[in-house]
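# give the three-dimensional model of this entry:
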Amino acid sequence: MKVKSGCVRRVFYSWIVFCTVGGLYGFWHMSLNACEQRKESLISMCDERARMLQDQFNVSMNHIQAMSILIKTFHHNMNPSSIDQSTFARYTERTAFERPLTSGVAYAVRVLHSERGQFERQQGWTIKNMNTLHPSPAQQEYAPVIFAQDTISHVISLDVLSGKEDRENVLRARESAKGVLTAPFRLLKTNRLGVILTFAVYKRILPSNATPYQRIQATDGYLGGVFDVESLVEKLLQQLASEQAVIVNVYDTTNNTHPIVMYGSNVSGDSFSYVSTLNFGDPLRKHEMHCRFKQKQPWPWLAFNTCVGGFVICVLLGYIFYATWNRVVKAEEDRDEMTELKKRAEAADIAKSQFLATVSHEIRTPMNGVLGMLHMLMDTDLDVTQQEYVRTAQGSGKALVSLINEVLDQAKIEAGKLELEASLFDLRALLDDVSSLFSEKSQAKGIELAVYVSDEVPEVLIGDPGRFRQIITNLMGNSIKFTEKGHIYVTIHVVEEVVHSIEIDKELGLEDSNNVSVSGFPVADSRRSWEGFKAFSQVGPLGSFSSDADLINLIVSVEDTGEGIPLEAQSRIFTPFMQVGPSVSRRHGGTGIGLSISKCLVGLMNGEIGFVSLPKIGSTFTFTALFTNACNNHHQSNPPSSEFQGMTALLIDPRPARAKVCRYHMQRLGIRIQVVSDLSQGLSTITEGNQIINIVLIEQQVWDRDSCMSSGFVDSTSRVHDGVAPKLFILVNSNACLGETSGTSNPRVIIKPLRASMLAASLQRAMGVSCRNGEVPASLSLGHLLGGKKILIVDDNGVNRTVAAGALKKYGADVVCVSSGKEAISKLKPPHDFDACFMDIQMPEMDGFEATKKIREMERCGRSKRDGFVDNLSKWDVPILAMTADVIQATHEECVRRGMDGYVSKPFEAEQLYREVSRFFHS
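Next up, the predicted model:
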């Protein structure tokens, strides 16, 4: 492989050299072609300009020659002459457009010295010298200008033979009978370079072979046209579109050694120039037009880019071949390296899981002892101050345990080991428990805490109640933390129910409507919190889950009127360990991982989570979750308490959203309810209605609005015709309102949040009915379940044994403690004398898993010896509950796999303990 790789490398380098040489050659060739094209373009442009200048000059020259014939005919051949200065000036002015290159035309007559006196008297002026402008000295003949175009009228009376250039020009013109050009000179008025084209005017038509003498004798005068060369060339260039691209110079090259510049400048341009020959009809004078581009030849970018592009492509092709070959070798090396890294990662993952289990156990074990001892301390005789200290310590300990649980949950999420259970649970009872958890905080702040579950939601679902409760708790906890006034409103609906309501709102044009909130405070539009949810984008009311009728897709919203989330922090709200800001973290505390964990849990429930938040208004978090329906009828509900059957309640509340919550809880108790908005309507309903009103619920807002009206309402309801006055209840948000409402006939007060059990207990006390189906506290139920039961506790930690034994003895259990797995085996030889065993998992010498395995083996051997016939199954199959501080999901699965019957995490909680032991014991 090494030899072949070296050969390919040499070929690649040779290929680069070849591509470089080819690119340079291509660049040279394309640059040369571009230069030749530029030269051809300049030649074409220069020839075009020379041809146009020459053509226009010839047109003007022909017109001047025609004018000489006109002068001969109407001036010399007629007596008197038909032409004077005025006539000549008007004619030349009106025909100037036919001579676009001339700036003036003049006619000079031939005057002999003998005729000078008579001529001057006839003209009325004296013949002047052109150089001095004084009377011309005596000479053989003169050529004074008698007619001139207005533009050069200053030359009238000047003797053109008095100037050297003009004299040579005139003499040569009459001898050759052709147009003759002067050398360039400065014009008198404009001081611009110009030339004069001169034609001789003869008395008669001369033969073509006439001698110079004959032509001189036949000469009558001289017609000259003045050409302003600079103006002529500028006008010409202005007619061409590319005047700015080419520099044009016109030269008189009659004298090759000293050419005269007729037009042009010394502006530098391209080094390449082209010369076009000009023929103005005078064979003795030579003229040339020199052209060059104004800009120097630009860098040949096209050639450069083409060659560089070709070079790059060729090099890339070579590199692709070279890299492909090397990649084969590299892929084999990477495969070996990745195999090794995979082994290391798997080992690290196992080590991480073990580390988390160990850390969880080692942290929670002492916390179990602390909380357990504090719980036992609360059962002793303490004064009020001491009880407050113990409660504070318990709260701090539980907060630390909650923090540990969140961190471990985040670790499980990152490890991909967070899994959900599938068990039956009552959603409404779960919401009541969560409301109870936050009731004290909401009452202390005086904010409204309300929960509503739609009738479309089944009573019993199959899913993971613990994780669902965790999501609700996280969202409600954040709302309680950041809300100081207003309300917190939790709603649960079926997704298709919400989709249907959206469609109806769109049909009615109410999609932008914002109903009055529970507390009357403005809220963020909850619909924006679920924008983009896939459950709302599927076809059909059930979305993507319509294929399975047993699946229920719920949508849960938690609405609050708190501080809201700043706009700059909303993009990172679900990022682990991220806080809105340092000031918020200092003021409210928290780790910043609750929402991150909630988002992961929602994803495991095949749902989505979103939010909408307006600063200073509040936030609404919404998520969906998929569960299995455990009821045959979606509308089936648990039978309400029979003591409230047939009763009718009247609710006086002006806010429909808040009245909806109260109606929901009352209907759960089997009570029919009517809603009115004020006391006057309520009194009319009680006194004039056909139904008997047993219960009247009045919102504190209505009750406090008018104390006189409230007193009158109490008096009026106490004098109903039947003699049975309805029971009055005031609904308040906090204990601080008790004193305010106790002044009027002592109406009973129900403190929110409303819960079915609390509401039933309040109504039962007020109406004097017995509690038949009321909820029994877990502590009382545990007393019935554990009383007289003999329980074995296995734990290597003495503090944990003391705490666990104290907790179980509190409920009447007979507790025996051992400190190791070996002692547990000796105590649990079948048939068993114990009703249950609480066994720690992590113990020295023999852990709980190994001890449980040996106990189950002994039980199987005992049953097999009796041929499977046992008189009392509990004597041969003792319930073993894992008792550990480890909360990793893998540990729970391992407990079940190793033969344990349940799982109790330390420290003990009455509800959890009751839930586990009720599966094996009956009161």
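
# quick one: the spatially most central residue of the chain and residue 278, what's the gap?
Nearest to the mean C-alpha position of the chain, counting by C-alpha atoms, centre = their mean, stands residue 571 at 9.8 Å. For residue 571, the distance to residue 278 equals 76 Å [C-beta to C-beta, to the nearest Å]. In this view, the C-beta of every residue, glycine as well, is placed from N, C-alpha and C.

# now do residue 558
95 Å.

# these two - which one has more neighbours?
Taking other C-beta atoms under 10 Å, residue 558 and residue 278 do not tie; residue 558 has more neighbours (25 against 19).

# ok, for that one, nearest residue in space, not its chain neighbours?
Once flanking residues are discounted, residue 558 sits nearest to residue 475: 4.2 Å by C-beta to C-beta, 6 or more residues apart in numbering.

# rounded mean pLDDT for the helix or strand harbouring the one you found, please.
Using DSSP states H and E, residue 475 sits within helix 465-482. Helix 465-482 shows a mean pLDDT of 91.

# residue ranges of the strands in the stretch 301-450 of the chain, please?
Counting by DSSP state E, counting those that start in this stretch, the stretch 301-450 of the chain has strands at residues 423-426, 448-453.

# let's have the ones you listed in a markdown table, adding distance to residue 78, mean pLDDT and mean neighbour count.
As requested, those are exported to a markdown table (distance: least, C-beta to C-beta, whole Å; pLDDT from 0 to 100; neighbours: other C-beta atoms under 10 Å):
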| stretch | distance to residue 78 | mean pLDDT | mean neighbour count |
| --- | --- | --- | --- |
| strand 423-426 | 133 | 88 | 14 |
| strand 448-453 | 124 | 94 | 23 |
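
# output the longest strand belonging to this protein.
strand 618-629 (DSSP state E).

# now do the helix or strand just after that strand: which elements does it pack against?
Sequence-wise, the next helix or strand downstream of strand 618-629 (DSSP H and E) is strand 648-652. Packing partners of strand 648-652 (3 or more C-beta pairs under 8 Å, 6 or more residues apart in numbering; DSSP states H and E): helix 656-668, strand 672-676, helix 679-688, strand 695-699.

# need the residues that contact the first one.
For helix 656-668, the surrounding residues in contact (C-beta atoms under 8 Å, 6 or more residues apart in numbering) are 428, 448, 450-453, 489, 515-519, 637, 640, 649, 651, 653, 673, 675, 697, 699, 731, 754-756, 759.

# then the second one?
Outside strand 672-676, the residues that touch it by C-beta under 8 Å, 6+ apart are 647-653, 656, 659, 662-663, 666-667, 682, 685, 691, 693.

# hang on, residue 834 in a strand?
No - going by DSSP: H, G, I helix; E, B strand; the rest coil, the assignment for residue 834 is coil, not a strand.

# what about it, neighbour count?
Other residues within reach of residue 834, judged by other C-beta under 10 Å, total 20.

# state the helix or strand in which the nearest residue to it once chain neighbours are set aside lies.
Leaving aside its chain neighbours, residue 834 sits nearest to residue 792 (4.6 Å; criterion: C-beta to C-beta, 6+ apart). In this assignment (DSSP H and E), residue 792 forms part of strand 790-794.
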